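Participant: Generate a structure from the sequence data that follows.
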Amino acid sequence: MATLLEVQAAQKRYGEQLLLDNASVALPDGCKIGMVGRNGAGKSTLCRALVGSEELDAGEVVRHPRLRLGYLRQHDPFEPGETVLEFLLRDSGQPDWRCGEVAAEFALKGDDLARPIAEFSGGWQTRIKLAALLLHEPNLLLLDEPTNFLDLRTQVLLEHFLKHFAGATLIVSHDRGFLKATCTHTLELARGKLTLFPNDIERYLEFKEERRQHNERVNAATLAKRKQLETFINKNRANANTASQARSKKKQLERLELIDIEGEERAVKFHLPQSDIRQGTAVRCRDLAIGYPDHTVAGDINLEIEHGSCTVLVGDNGQGKTTMLRTLVGSLEPVAGEFRWGYGCDIGVYAQHVYTSLPEDETIFDYLDRCRSPETSQQKVLDIAGSFLFHGDLVKKRIQVLSGGERARLCLAGLLLAPHNVLVLDEPGNHLDVETVDALAEAIQAYEGTIILTSHDRHFVRRVAGGVIEIRDGRATHYGGGYEAYLYCIEQEYDALAATLAPPRDPERRGKSSGGKSQAKSERSLQKQIQSLERKIAKLDERRRELNEALMATTDAAEAQRLHEELTTMSDECAAIEEQWLELQE
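Facilitator: As a prediction, this is how the structure comes out:
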């Protein structure tokens with residue numbers, strides 16, 4: 001399989017932080033890769049190096065002559081007053097019929113093409129940027145956090161687009177559900193190294209945990225064997241009759257080696273402080289209308305949220321989820337009607353874009369020190385900072401050098417410096433890495449207070465959602481079927497829409513004939529070989545699982561060593577078959 005893009009011995013350092021340490025990886029044609037790593041690990045830096053907007057300290061990025069790289073821009077490339085069609089024509093240089101054809105793949109048709117882009121919500125503007133991207137006919141798409149701030153319907157559409165895109169993709173995302181749905185391979189950036197794994201994110205995380213447990217078992221067995229040999233040597237080396245056996249055992253001892261196990265990376269530790277837990281109704285809305293003086297977003301809202309529940313607001317971008325939260329916390333006045341919080345509610349707020357307005361010149365400690373309540377000591381501030389991975393001298397870092405994920409962590413840390421019995425969280429998982437989102441979900445599950453939040457991260461919401469309120473078409477109502485039922489309805493709705501849209505085109509085969517019978521026969525033969533190899537890989541995978549289980553169960557050092565050697569041999573065999581699979585794919 002042709003390599004479209006290759007990173008060779010890349011090194012990149014920012015101050016004392018080493019982001020890339022002799023890192024190498026090859027991105028093959030047609031491969032769907034999801035890239036993961038901790039906040040601040042260097043993922044966005046690597047993306048900028050791949051597109052040529054940032055220089056490496058050492059190493060290089062090798063681009064295939066056939067590479068056509070498409071990069072989903074995070075900033076808005078639109079001009080004031082520009083319509084959808086005008087932007088697509090200007091950006092791509094394609095004729096209007098072609099622009100309309102591709103736009104239709106993203107449900108942008110008819111009058112939508114003549115509308116100013118400024119009238120569209122953020123999710124629909126992302127659709128416009130994707131249409132522009134496709135018009136350049138790339139064979140490798142690079143998407144950096146594409147799901148941030150996207151509503152569920154646009155996420156489903158983006159998933160459909162990526163599944164059917166004929167070229168290769170490299171997607172940087174912390175949304176585990178999105179990566180599992182769109183990617184067949186996983187690329188991890190950790191401790192400056194790049195590791196490409198030929199399976200999805202869930203299998204990769206399972207593999208990492210299995211490998212860690214396996215190595216720990218082998219090391220435990222090796223240490224037990226060492227102790228046994230050392231005891232024998234100490235007892236028998238001075239005895240003339242057994243000295244030769246002791247020397248033999250010493251040689252065995254010298255051959256025993258421990259497997260190097262990397263220490264786990266530090267993880268965020270959430271503890272949501274809570275005070276004065278209440279019961280009954282937390283907030284009651286009566287004939288409430290939300291919006292702005294010149295525009296009502298939603299009205300006739302009548303609902304109640306109970307204390308101790310975790311309620312998730314769902315709905316498309318622009319429908320009013322953030323407006324609803326801002327109204328409930330008092331930063332927007334109701335247009336009509338009223339809402340009342342229950343007695344004794346102490347509300348903590350995390351706003352969606354708060355991290356963009358942080359004071360750039362302040363240090364991490366300066367910001368947290370301002371957030372603390374009078375009864376909170378400076379040592380408590382340092383403890384909270386450390387639990388959010390700002391330990392030691394890192395608290396002296398200025399906010400201006402922090403990544404988006406680090407800023408989001410800092411805002412959450414500031415929120416937790418005072419106890420609350422109600423938390424209102426607007427997209428708390430945006431920019432947070434997988435491990436931090438998981439830690440946040442666990443903290444929410446353990447929290448006894450009341451939580452009202454918005455999020456488009458399906459994996460996260462599945463874990464925490466109790467009640468579901470849908471805001472749509474100017475109304476806000478409890479969704480009776482729960483979150484899984486809501487997801488099912490969205491999928492069904494999009495399936496009906498997708499049936500009316502043209503499937504994405506293959507950029508490599510546009511305008512080419514379908515080929516003769518001999519080509520079809522050859523392709524069928526290759527496909528059979530590929531399927532045969534995939535079955536072999538599956539069998540090896542199953543055998544590997546069995547060996548791991550046996551290794552975990554055994555207490556015999558010799559048996560553990562034998563199982564370890566068989567696993568090593570099997571890994572080599574599997575690597576050879578995967579290499580053959582890649583060649584056939586090419």
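
Participant: mind listing what's buried in the one helix or strand Arg286 maps to?
Facilitator: When elements are defined using DSSP states H and E, Arg286 is found to belong to strand 281-292. When neighbours are counted by 16 or more other Cβ atoms under 10 Å, the buried residues of strand 281-292 are found to be Ala282, Val283, Cys285, Leu288, Ala289, Ile290, Gly291. No exception for glycine: its C-beta is placed from N, CA and C like everyone else's.

Participant: ranges for the helices of the stretch 351-500 of the chain?
Facilitator: 364-371, 378-387, 404-415, 434-446, 458-464, 482-498 (DSSP state H, counting those that start in this stretch).

Participant: got the contact list for the fifth one?
Facilitator: Read it as helix 458-464. For helix 458-464, contacts defined as Cβ atoms under 8 Å, 6 or more residues apart in numbering pick out 152, 155, 175-178, 310, 312, 314, 429, 437, 440-441, 444-445, 451, 453, 455, 483-484, 487.

Participant: Restricting to C-alpha, output it in CSV.
Facilitator: Backbone C-alpha positions of helix 458-464 (Å, rounded to 0.1, in the frame of the first residue of the first chain) are rendered in CSV as follows:
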residue,chain,number,x,y,z
ARG,A,458,-22.3,10.4,23.0
HIS,A,459,-20.0,8.2,24.9
PHE,A,460,-19.9,10.7,27.8
VAL,A,461,-23.6,11.4,27.8
ARG,A,462,-24.5,7.7,27.8
ARG,A,463,-22.6,7.4,31.0
VAL,A,464,-24.1,10.3,32.9
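
Participant: Tell me the buried residues in that helix?
Facilitator: The neighbour-count criterion (16+ other Cβ under 10 Å) identifies Arg458, His459, Phe460, Val461, Arg463, Val464 as the buried residues of helix 458-464.

Participant: Ala166: which of those is nearest?
Facilitator: Using Cβ to Cβ, Arg458 comes nearest to Ala166 of those, at 25.9 Å.

Participant: how near is the closest one to Leu162?
Facilitator: In this structure, Arg458 lies at 15 Å from Leu162, with Cβ to Cβ, to the nearest Å as the measure.

Participant: domains in this structure, as residue ranges please.
Facilitator: 3-204, 281-497, 522-585 (automatic domain parsing).

Participant: Can you give me every residue that contacts the nearest residue to Thr182 once chain neighbours are set aside?
Facilitator: Once flanking residues are discounted, Thr182 sits nearest to Leu162: 4.4 Å by Cβ to Cβ, 6 or more residues apart in numbering. Listed by Cβ under 8 Å, 6+ apart, the contact set of Leu162 reads Lys32, Leu141, Thr169, Ile171, Thr182.

Participant: Let me know the average pLDDT across the helix or strand containing the third one.
Facilitator: Pointing back at Thr169 there. For Thr169, the host element (DSSP H and E) is strand 168-172. Per-residue pLDDT values across strand 168-172 average out to 91.

Participant: cool, stretch 7-19 as well?
Facilitator: When pLDDT is averaged along stretch 7-19, the result is 84.

Participant: Distance from that stretch to the middle of the chain?
Facilitator: Taking Cα atoms, centre = their mean, to the nearest Å, one finds stretch 7-19 lying 22 Å from the centre of the chain it belongs to.

Participant: check which helix or strand covers the residue nearest in space to the middle of the chain.
Facilitator: In the chain, the centroid-proximal residue (Cα atoms, centre = their mean) is His174; its distance is 1.3 Å. His174 is located outside every helix and strand, with elements delineated by DSSP H and E.

Participant: re the thing from before, only C-alpha atoms, please: export the strand holding Arg286 in CSV.
Facilitator: Written as CSV, here are the backbone C-alpha positions of strand 281-292 (Å, rounded to 0.1, in the frame of the first residue of the first chain):
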residue,chain,number,x,y,z
THR,A,281,-37.5,20.3,42.9
ALA,A,282,-34.3,22.1,42.0
VAL,A,283,-35.7,24.4,39.3
ARG,A,284,-39.2,25.0,38.0
CYS,A,285,-40.0,26.8,34.7
ARG,A,286,-43.5,28.2,34.0
ASP,A,287,-44.5,29.6,30.6
LEU,A,288,-40.8,30.5,30.1
ALA,A,289,-39.6,32.1,26.9
ILE,A,290,-35.8,32.5,26.3
GLY,A,291,-33.9,34.5,23.8
TYR,A,292,-32.9,38.1,23.2
